[in-house]
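Asks: test case, fold it:
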Amino acid sequence: MINSANKATISSIFSPDTIVKYVIPKYQREYTWIKENWDELLDDIDESNESHFIGSMICIYKGTDVFNQTIFEIIDGQQRLTTISLIYAAIYKLLKDKDGATDDELNNELWNLKLRLIQKTNKAETKIELSSQNSNFSDYKSVLNEIGVITFEDKILNKGNRRIFKAFRYYIDRLIDYSKEELIELLNKINNVSLVRIEVNSTSDAFMLFESLNNRGIPLTAIDLIKNKLLSEIEKKGGSIDDAFIRWKTIVDNLDDYPIQERFLRQYYNTFKWDKKVKIDGITKATKSVLIDIYEKLIIRDLEFIFNELETKAKIYSRFINFTGDEFEKELSDLENVKAAPGYALLLFLFSKNIDVEPLKQIINDLVKYFIRRNITDFPNTRNLDQIFIDLIENLSTDENNINPKYISSYLFNKERFASLDQFTEKLNGDMYESNIDATRFILAAIEERFSRTKERMTDFWQRDKSGKLIWTIEHIFPEGNNIPLTWVKMIADGDKNRAKIIQEKLVHKIGNLTLTGFNQNLSNFEFSKKRDRKDSEGRSIGYKNGLYLNKELAIKDNWKENDIEKRTNELIKYATELFKVDGE
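Replies: The predicted structure is shown next:
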């Protein structure tokens, strides 16, 4: 079943010296990763001090081709390999464009990087061959053509609206402020990323193995290792393991699941490292790669102190995620829905102090504005966010007179740390759904809640069903998807299929083409009038006549055309900027 299973590095997978080609089979889906995935991969690599591990890669040896290239078919790993290749492409372009980029060392880096993307003996051939679905591979070759590593006759329309190009542009924007030295340092980290490369005989073997790997138990986590260290030290000191385990279980039970538990441990250290009892020499920031080291040292230094601290602070942190019935329920709910986890470090600090309710509510509301604008614009950069709050907390701990809404808002809303209204407006006018689904949903819900209903009739747009899925979801008015219904082709493009596709790629994900519905599956790809007038079995309107403020114009329209999307986009942008502007704007 398995021919071989060996640890490999990304440097060896994309080696400049080997004539190996990795082919994605035609039956596999196209490139599907989104911004959340792009962020997570780059953040994990960039923050790692040692080799970052990205799991397994399953491939099948397929022989050699006419170019003497050894061919491997990728069954599992295409999203990661494609993304890393796009990061390589972004770094290549940025390094090549650097002023004074003529030194021998840099030229050598560029040459090696180029040969990680194309074949050394046939420079028209790429190292990876993506599936051809929806112009996937053509889009990829267009990226390589744009950076100058291959020549590709580029006649692709609207490629900038598709996923491959969006990922490439995203990494360009993320890395554009990196210096030459920082780019090379990141490149070295990427080359050192490790995985397990598994080679099997056949597709059936590959799928059996894939299923087996994904059904296995989860290996020991950082939380497990820290717990084991803590219990071990308690046993050495003659304490009760049973009592300690109950205390530890209370800590983790307060924090729901592993990602939150790990985040709490990182944010605890970053929040309170100004205390000499917490600070570890040589560690200025808790990251995933140093978390175990931090807590092993804290446990050895003063076991009872750190155990008591984690118990106390975990109870506080629990309020940020289990806020039902809390006096800050509305504010904390908004903060969770806007995906403001980096701001919890500040709240952990503030909730540990004796601060009145109203100033705290004002600070949380300011955090909501900060994060909705940050998450829409991607400014400040993800890698700078934690440090912004670490520095703010240091200022507050140094001078407690600064612990007030005025100082905190002036710090956060400084132009060096906060997206301007112009930046925010520009991004609101882009492909909102594609760039950030969660933030788009939050903005639509906020507009509806602010401009529509009385408190007695307020709709809970964050309600979930029994399986935990959100009941209210984003609905595309003009449908997304490759197969545009003929009724829509006729309405939006006078029957011209090519023009309908161009309009779709240009406008389908704009905020003006989006609304909220609790019945997305019942609207689907219906023609506009059916979406508008749809009712359930009890005669209740579940289409655009459902009474939502967001749908007030849709409820009285007979058609939905290009200019309608653009007009509604401008109106919703005006509402959003009004909701999330700050004092002085």
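Asks: average pLDDT across stretch 121-137?
Replies: Averaged over stretch 121-137, pLDDT sits at 86.
Asks: bridging residues for residue 21?
Replies: residue 71 (DSSP bridges).
Asks: hang on, isn't it packed against residue 68?
Replies: No: in this structure residue 21 lies outside contact range of residue 68 using CB atoms under 8 Å: 10.5 Å. Where C-beta positions appear, they are placed from N, C-alpha and C, glycine not excepted.
Asks: neighbour count: these two, which is higher?
Replies: Legend: neighbour count by other CB atoms under 10 Å for residue 21 and residue 68, higher for residue 21 (21 against 10).
Asks: for residue 151, which three-state class applies?
Replies: Look at residue 151: counting by DSSP: H, G, I helix; E, B strand; the rest coil, its state is coil.
Asks: count the neighbours of it for me.
Replies: Based on other CB under 10 Å, the number of other residues close to residue 151 is 11.
Asks: can you tell me how far the closest residue to it other than its chain neighbours is from residue 331?
Replies: Leaving out its chain neighbours, the residue that sits closest to residue 151 by CB to CB, 6 or more residues apart in numbering is residue 145, at 6.5 Å. To residue 331, residue 145 is 49 Å away according to CB to CB, to the nearest Å.
Asks: who has more neighbours, the two?
Replies: residue 331 (20 against 14).
Asks: quick one: that one from residue 548, how far?
Replies: For residue 331, the distance to residue 548 - CB to CB - is 24 Å.
Asks: now do residue 573
Replies: Counting by CB to CB - residue 573 and residue 548 are separated by 18 Å.
Asks: then residue 18?
Replies: In terms of CB to CB, residue 18 sits 57 Å off from residue 548.
Asks: for residue 109, give me the pLDDT.
Replies: Per-residue pLDDT puts residue 109 at 86.
Asks: around it, count how many other residues there are.
Replies: For residue 109, the count of nearby residues is 20 (other CB under 10 Å).
Asks: residue 468 now?
Replies: Residue 468: 6 neighbours (other CB under 10 Å).
Asks: so it sits in a helix?
Replies: No: counting by three-state DSSP, residue 468 is not part of a helix but coil.
Asks: need the CA coordinates for stretch 77-97. CSV is fine.
Replies: Presented in CSV, the C-alpha positions along stretch 77-97 are these (Å, rounded to 0.1, in the frame of the first residue of the first chain):
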residue,chain,number,x,y,z
GLY,A,77,-1.8,18.4,-0.4
GLN,A,78,-2.7,20.5,-3.4
GLN,A,79,-4.1,23.5,-1.5
ARG,A,80,-1.0,23.8,0.6
LEU,A,81,1.5,23.3,-2.2
THR,A,82,-0.3,25.7,-4.5
THR,A,83,-0.4,28.3,-1.8
ILE,A,84,3.3,28.0,-0.9
SER,A,85,4.0,28.2,-4.7
LEU,A,86,2.0,31.5,-4.8
ILE,A,87,4.0,32.8,-1.8
TYR,A,88,7.2,32.0,-3.6
ALA,A,89,5.9,33.9,-6.6
ALA,A,90,5.0,36.9,-4.5
ILE,A,91,8.5,36.9,-2.8
TYR,A,92,10.1,36.6,-6.2
LYS,A,93,8.3,39.6,-7.6
LEU,A,94,9.0,41.7,-4.5
LEU,A,95,12.7,40.8,-4.3
LYS,A,96,13.1,41.5,-8.1
ASP,A,97,11.5,44.9,-7.7
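Asks: tell me the SS of residue 550?
Replies: Going by three-state DSSP: residue 550 is helix.
Asks: confirm for me that it is in contact with residue 443.
Replies: No: look at residue 550 against residue 443 with CB under 8 Å: they stay out of range, at 10.7 Å.
Asks: looking at those two, which has the bigger crowd around it?
Replies: residue 443 (25 against 22).
Asks: ok, residue 59 touching residue 71?
Replies: No: with contact defined as CB under 8 Å, residue 59 does not count as touching residue 71 (9.7 Å).
Asks: tell me the gap between stretch 6-16 and the middle of its chain.
Replies: The chain centre lies 26 Å from the centre of stretch 6-16; the measure is CA atoms, centre = their mean, to the nearest Å.
Asks: longest strand of the protein?
Replies: Secondary structure of the chain per DSSP state E: the longest strand is strand 53-64.
Asks: what helices or strands is that one leaning on?
Replies: In terms of contact count using 3 or more CB pairs under 8 Å, 6 or more residues apart in numbering; DSSP states H and E, strand 53-64 is assigned the packing partners strand 70-76, helix 78-96, strand 194-200, helix 203-215.
Asks: how about 10 Å then?
Replies: Applying 3 or more CB pairs under 10 Å, 6 or more residues apart in numbering; DSSP states H and E, one finds that strand 53-64 contacts strand 2-9, helix 10-13, strand 20-23, helix 35-47, strand 70-76, helix 78-96, strand 194-200, helix 203-215.
Asks: would you turn these into a markdown table with distance to residue 283 and mean pLDDT?
Replies: As requested, these are exported to a markdown table (distance: least, CB to CB, whole Å; pLDDT from 0 to 100):
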| stretch | distance to residue 283 | mean pLDDT |
| --- | --- | --- |
| strand 2-9 | 26 | 85 |
| helix 10-13 | 27 | 94 |
| strand 20-23 | 38 | 92 |
| helix 35-47 | 13 | 90 |
| strand 70-76 | 35 | 88 |
| helix 78-96 | 27 | 94 |
| strand 194-200 | 23 | 89 |
| helix 203-215 | 34 | 59 |
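Asks: how about those in JSON lines, adding distance to residue 428?
Replies: Rendered in JSON lines, the data for these read as follows (distance: least, CB to CB, whole Å):
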{"stretch": "strand 2-9", "distance to residue 428": "41"}
{"stretch": "helix 10-13", "distance to residue 428": "36"}
{"stretch": "strand 20-23", "distance to residue 428": "39"}
{"stretch": "helix 35-47", "distance to residue 428": "16"}
{"stretch": "strand 70-76", "distance to residue 428": "37"}
{"stretch": "helix 78-96", "distance to residue 428": "25"}
{"stretch": "strand 194-200", "distance to residue 428": "38"}
{"stretch": "helix 203-215", "distance to residue 428": "38"}
